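Peer 1: no FASTA, just this:
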């Protein structure tokens, strides 16, 4: 089974209310798509995403894996710090990348400060589950 | 806007009327970090009784548990608080994981259902906390999104945070990794199960709430 990556530019969600944008992202994850969102959610929205995800969990939908990556202000010395702070001021939540995938497909997203490793569930395990 | 204003005014004037014993000290973190083990350690040390059941199977704590008016002492200082033990926050719950751990299907599904409700409650209670101890398993990678989301939410709400890097009795424990993941907060390495470094933990707790 192939993986579907759904790329979402930030412009597609920026004018939505927090709850609408959360439901939009979660709907895609429930359709077994791995969402790659330009930018990031606010911290409160991340918590809200977890809360709404919990409300949706049933025998088929087991939840999500999620990871956010964005440059830390401390990276790259003083100039890097200045650039990063400036980017945050000018671009706000547009900076960074958010990955959200259904837990039935994405086993784990390992996150170091500057890279994301997305581990999917083994195909053989999935076949066994389907039987 | 009204919500923000009311929160601001509440923060400004609420503390004037708040008694020391009204402080809500929350234990937050991912499942199996050792929140209830730490809650039990605190309760046994200061009131002589445990708070809740612990288990190696995740989501043992599925309801908010509160112990009121816990008084702790350090030197001449005394601190009274209500300890709030919360269910571990996760982004997924799979009842099949409980079955694999030896729980029967019906009970596993019920546990998963209660677990999801517990996580919702934990998130709802964030707004009510005066200070929070984030309990992390120091043998695991601290850069998990759940850890980052919990700590980011506490930071966004200006809630004082102390990080308990638990399970230092285990070989894989790496406190420095926890410290480098969250440099903005005090990290205390400890073992809630065996009481390692518990005195320093209590000292840090006084600094957190004072």
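Peer 2: Structure's in. What do you need? Because the structure is predicted, anything quoted here is derived from the model rather than measured. Residues are numbered from 1 along each chain as shown, chains lettered A, B, ... in the order given.
Peer 1: please count neighbours and contacts with C-alpha atoms only from this point.
Peer 2: Fine.
Peer 1: where does chain B have low pLDDT?
Peer 2: Low-confidence segments of chain B (pLDDT under 70): B:1-21.
Peer 1: residues of it that sit close to chain A?
Peer 2: B:90-95, B:116-117, B:119-120, B:123, B:143-145, B:149-150, B:152-153, B:156 (CA under 8 Å from any CA of the partner chain).
Peer 1: name the residues of stretch A:25-35 that are buried.
Peer 2: A:25-26, A:28-30, A:32-35 (16 or more other CA atoms under 10 Å in any protein chain shown).
Peer 1: wait, I meant stretch B:164-172
Peer 2: B:164-169.
Peer 1: repeat that for stretch B:92-106.
Peer 2: The neighbour-count check on stretch B:92-106 (16+ other CA under 10 Å) flags B:92-96, B:98, B:103 as buried.
Peer 1: wait, what's in contact with the residue of chain B found nearest chain A?
Peer 2: The minimum distance from chain B to chain A, using CA to the nearest CA, falls at residue B:92 (4.0 Å). Shown in contact with residue B:92 (CA atoms under 8 Å, 6 or more residues apart in numbering or on different chains): A:53-54, A:62-65, A:103.
Peer 1: now, these that are in strands?
Peer 2: Members of the contacts of residue B:92 lying in strands (criterion: DSSP state E): A:64-65.
Peer 1: restrict the contacts of residue B:92 to contacts with chain B.
Peer 2: A:53-54, A:62-65, A:103.
Peer 1: and the residue nearest to the spatial centre of chain B, what are its bridge partners?
Peer 2: Geometric centre of chain B, nearest residue: residue B:27, 1.8 Å, by CA atoms, centre = their mean. Beta-bridge pairing for residue B:27 (DSSP bridges): residue B:85, residue B:133.
Peer 1: show the contacting residues for it.
Peer 2: Residues in contact with residue B:27 (CA under 8 Å, 6+ apart) are B:35, B:39, B:83-86, B:132-135.
Peer 1: is stretch A:23-40 positioned near chain B?
Peer 2: No - using CA under 8 Å from any CA, stretch A:23-40 stays clear of chain B, with a minimum separation of 11.7 Å.
Peer 1: endpoints of that stretch, how far apart?
Peer 2: With CA to CA, to the nearest Å applied, stretch A:23-40 spans 15 Å between its terminal residues.
Peer 1: contacts for that stretch, please.
Peer 2: A:3-10, A:49, A:52-53, A:61, A:64, A:68, A:93-102, A:105.
Peer 1: chain center to that stretch: distance?
Peer 2: 7 Å (CA atoms, centre = their mean, to the nearest Å).
Peer 1: what's the answer for stretch A:60-69, then?
Peer 2: Computed by CA atoms, centre = their mean, the separation of stretch A:60-69 from the middle of its chain amounts to 7 Å.
Peer 1: and that stretch, what's buried?
Peer 2: A:61-69.
Peer 1: what is the lowest-pLDDT residue among the residues you listed?
Peer 2: Note: of the buried residues of stretch A:60-69, the lowest pLDDT belongs to residue A:69, at 84.
Peer 1: ok, what's across the strand from the residue of chain B closest to chain A?
Peer 2: In beta-bridge terms (that is, DSSP bridges), residue B:92 pairs with residue A:63.
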